[in-house]
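In: Sequence and predicted structure below; questions after.
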Amino acid sequence: MPAIDDRLAELGLVLPQPLKMPPGTTLPFPWVRVIGQRARFSGHGPTLADGSVAPPLGKVGGDVTVEQGYAAARLTGLAILGSLQRELGSLDRIEAWVHILGMVNSAPGFDRQPSVINGFTDLILEVFGPQVGAHARSAVGMAELPFGIPVEIEGEVMLRPD
Amino acid sequence: MPAIDDRLAELGLVLPQPLKMPPGTTLPFPWVRVIGQRARFSGHGPTLADGSVAPPLGKVGGDVTVEQGYAAARLTGLAILGSLQRELGSLDRIEAWVHILGMVNSAPGFDRQPSVINGFTDLILEVFGPQVGAHARSAVGMAELPFGIPVEIEGEVMLRPD
Amino acid sequence: MPAIDDRLAELGLVLPQPLKMPPGTTLPFPWVRVIGQRARFSGHGPTLADGSVAPPLGKVGGDVTVEQGYAAARLTGLAILGSLQRELGSLDRIEAWVHILGMVNSAPGFDRQPSVINGFTDLILEVFGPQVGAHARSAVGMAELPFGIPVEIEGEVMLRPD
């Protein structure tokens, strides 16, 4: 069994704190919903280590470059791993990644969504390897995303049987 | 076991009739697809009690206000509950909500999709409570939705074993 | 048990080769991810028989007509069937279609996404019949899609137990 925590340390990766909401705000939904061996995670955006929303905001292909979009997708992946670790206790409980929907806040005419979402996919493959980490995916262009974040990703992982 | 029908009556909620299509039109897909214990529901929009599409149409942040968008998301939830009740026979068969994708027809620059989709989430939590009703979700901005509806929601619930 | 290969031949349908990527490009994700009895397929677009991206490119309701969009959704379905056949060995392993997300690259004001995605749904029902082929679905309008393709579809099928 892989020791994902060791692998994160080896890669020098630190998982961020939960998303910081403005004071007085609460989210009416969980970041991760576990049903049997399935763990479905809500749409996440890019955060800094302290859980604040990571700049830059805006549309990829406009205010945000493809390289910045790739970095945002990687930060989104770290935010998802943080949520999964808090909910599951350990990322070693993940038996397989299943699929993700990679949503890119897209400027008119921007059509390189896959290059952006690769920031997420490359991270997951680095951490989990090709067997566990492989996932079906779509990478598509949204008109708008909450708070102007450039990337939002949702999806599902399968857990090992108890 | 909760008696969801009683709860609906207690809240004064009436589930709408199936979506009224224009005469001669048929939809080639089911509103709910049950596979084992999983019930996946198709994208629904807001309807009135008689199944007609609920006004207002248009983009949230433009012709449609956030408050109207919230109300549309709540009506969309009632339409989904109507479809689930017709397919399942009883909403008491739902063991857990799993996840939803909340799609908001968004005017340029509108980035408060979560405030809109809360109309759906608040309804589900009112009716099913926090244990059964909790669901992973995304709330995102679409370029266009069918017939100009302001909100469309799809997702999945788990059913109790027979 | 239906013999889907025979049915494809009877309908005169030929499944396309895998998507041809530009030389030197690799995709970091699988077209199909099988987890137990679930097979989740990644977002596919329309391809020609040789795996090249099928014209026309652009937005439905703008450069691309509804009829061309319908044809693109049908080609997208054939591309998905090709990926499933390569991954599963035989399409007869499919016990049931579950759901799809039908994404239409939409010109401003275009709201007939269901008419476009019917190109996919009609194909699946022709090949698999109404029991196996029925699927929950959404048909929605995206701001942009990769490489300017007019349609992208992702989803899931259930496999027969071994």
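Out: Perfect, I can see it now.
In: for the longest strand along chain A, packing partners?
Out: When chain A is parsed with DSSP state E, its longest strand is strand A:94-105. Other helices and strands packing on strand A:94-105, by 3 or more Cβ pairs under 8 Å, 6 or more residues apart in numbering or on different chains; DSSP states H and E, are helix A:66-88, helix A:113-133, strand A:136-142, strand A:151-159, strand B:136-142, strand C:32-35, strand C:38-44. Using the backbone N, CA and C atoms, a C-beta is placed for each residue, glycine as well.
In: and it, C-alpha only, in CSV?
Out: This file holds the C-alpha atoms of strand A:94-105, laid out as CSV (Å, rounded to 0.1, in the frame of the first residue of the first chain):
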residue,chain,number,x,y,z
ILE,A,94,-8.1,6.1,-1.8
GLU,A,95,-8.1,3.0,-3.9
ALA,A,96,-8.7,4.7,-7.2
TRP,A,97,-9.4,8.1,-8.8
VAL,A,98,-12.6,7.8,-10.9
HIS,A,99,-13.3,11.0,-12.8
ILE,A,100,-13.2,14.7,-12.6
LEU,A,101,-15.0,17.6,-14.4
GLY,A,102,-12.4,20.4,-15.0
MET,A,103,-14.1,23.7,-15.5
VAL,A,104,-12.1,26.6,-16.8
ASN,A,105,-13.4,30.2,-16.6
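In: Check which residues of that strand are buried.
Out: For strand A:94-105, the neighbour count (16 or more other Cβ atoms under 10 Å in any protein chain shown) marks A:94-105 as buried.
In: Nearest to chain B among those?
Out: residue A:103 (5.8 Å; Cβ to the nearest Cβ).
In: about what we covered before: and the average pLDDT for the longest strand of chain A is what?
Out: Mean pLDDT, strand A:94-105: 98.
In: orientation of it relative to strand B:136-142 in degrees?
Out: 20 degrees (axes from the mean of the first three to the mean of the last three Cα atoms, to 10 degrees).
In: Look up the pLDDT of residue A:115 for me, please.
Out: 96.
In: distance of it from chain C?
Out: 9 Å (Cβ to the nearest Cβ, to the nearest Å).
In: out of the helices and strands packed on strand A:94-105, which comes closest to residue B:25?
Out: Nearest to residue B:25 among the helices and strands packed on strand A:94-105 is strand B:136-142 (22.4 Å), distances taken as Cβ to Cβ.
In: Can you name every helix or strand that that closest one contacts?
Out: strand A:38-44, strand A:94-105, strand A:136-142, strand A:151-159, strand B:94-105, helix B:113-133, strand C:136-142.
In: Which residue lies closest in space to residue A:41, excluding its sequence neighbours?
Out: Leaving aside its sequence neighbours, residue A:41 sits nearest to residue A:32 (Cβ to Cβ, 6 or more residues apart in numbering or on different chains; 5.0 Å).
In: The one you found touches residue A:85, doesn't it?
Out: No: taking contacts as Cβ atoms under 8 Å, residue A:32 lies outside contact range of residue A:85: 9.7 Å.
In: Any stretches of chain A with poor pLDDT?
Out: When residues are selected by pLDDT under 70, those of chain A lie in A:1-2.
In: go with 90
Out: Along chain A, the model assigns pLDDT under 90 to residues A:1-2, A:5, A:21-27, A:162.
In: Just give me the residue right at the centre of it.
Out: Closest residue to the average C-alpha location of chain A: residue A:77 at 2.9 Å, with Cα atoms, centre = their mean.
In: hmm, back to that, go through the buried residues of strand A:94-105 and name the one nearest residue C:124.
Out: residue A:99 (19.1 Å).
In: For the closest one, give me its contacts.
Out: A:135-137, A:155-156, C:33, C:40, C:42, C:154 (Cβ atoms under 8 Å, 6 or more residues apart in numbering or on different chains).
In: Pull the most distant pair out of these.
Out: Maximum distance among those (Cβ to Cβ): 13.5 Å, for A:156 and C:42.
In: Using CSV, lay out the helices and strands packed on strand A:94-105 together with distance to residue B:66.
Out: Converted to CSV, those look like this (distance: least, Cβ to Cβ, whole Å):
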stretch, distance to residue B:66
helix A:66-88, 25
helix A:113-133, 27
strand A:136-142, 18
strand A:151-159, 19
strand B:136-142, 12
strand C:32-35, 37
strand C:38-44, 30
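In: Quick one: closest of the ones you listed to residue B:127.
Out: strand B:136-142 (15.9 Å).
In: Identify the residues contacting the closest one?
Out: So strand B:136-142 is contacted by A:29-33, A:40-43, A:101, A:103, A:142-146, A:152, A:154, B:98-106, B:110-111, B:113-114, B:116-117, B:121, B:152, B:155, C:140-143 (Cβ under 8 Å, 6+ apart).
In: 7 Å instead, please
Out: A:29-30, A:32-33, A:40-43, A:103, A:142-146, A:152, A:154, B:99-106, B:110, B:113-114, B:116-117, B:121, C:140-141 (Cβ atoms under 7 Å, 6 or more residues apart in numbering or on different chains).
In: tilt between that strand and helix C:113-133?
Out: 150 degrees.
In: Pull out the buried positions in strand B:136-142.
Out: Quick answer for strand B:136-142 (16+ other Cβ under 10 Å): B:136-142.
In: tell me how far the longest strand of chain A is from the chain's mean position?
Out: With Cα atoms, centre = their mean, to the nearest Å as the basis, strand A:94-105 stands 8 Å off its chain's centre.
In: Report the strands that pair with it, each with its relative direction.
Out: Next to strand A:94-105 in the sheet, as set by DSSP bridges, lie strand A:136-142 (parallel), strand A:151-159 (antiparallel).
In: Tabulate the CA atom coordinates of the last one in CSV.
Out: Extracted as CSV, the C-alpha positions of strand A:151-159 are listed here (Å, rounded to 0.1, in the frame of the first residue of the first chain):
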residue,chain,number,x,y,z
VAL,A,151,-10.6,27.0,-12.4
GLU,A,152,-13.1,24.8,-10.6
ILE,A,153,-12.9,21.0,-10.3
GLU,A,154,-15.3,18.4,-9.0
GLY,A,155,-15.1,14.6,-9.1
GLU,A,156,-15.0,11.2,-7.3
VAL,A,157,-12.6,8.8,-5.8
MET,A,158,-13.2,5.2,-4.7
LEU,A,159,-12.1,4.1,-1.2
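In: what angle do it and strand A:38-44 make?
Out: Going by the same axes, to 10 degrees, strand A:151-159 makes 170 degrees with strand A:38-44.
In: nearest to residue A:19, of the strands paired with strand A:94-105?
Out: Between those, strand A:151-159 lies closest to residue A:19; by Cβ to Cβ that is 11.8 Å.
In: No more questions from me, cheers.
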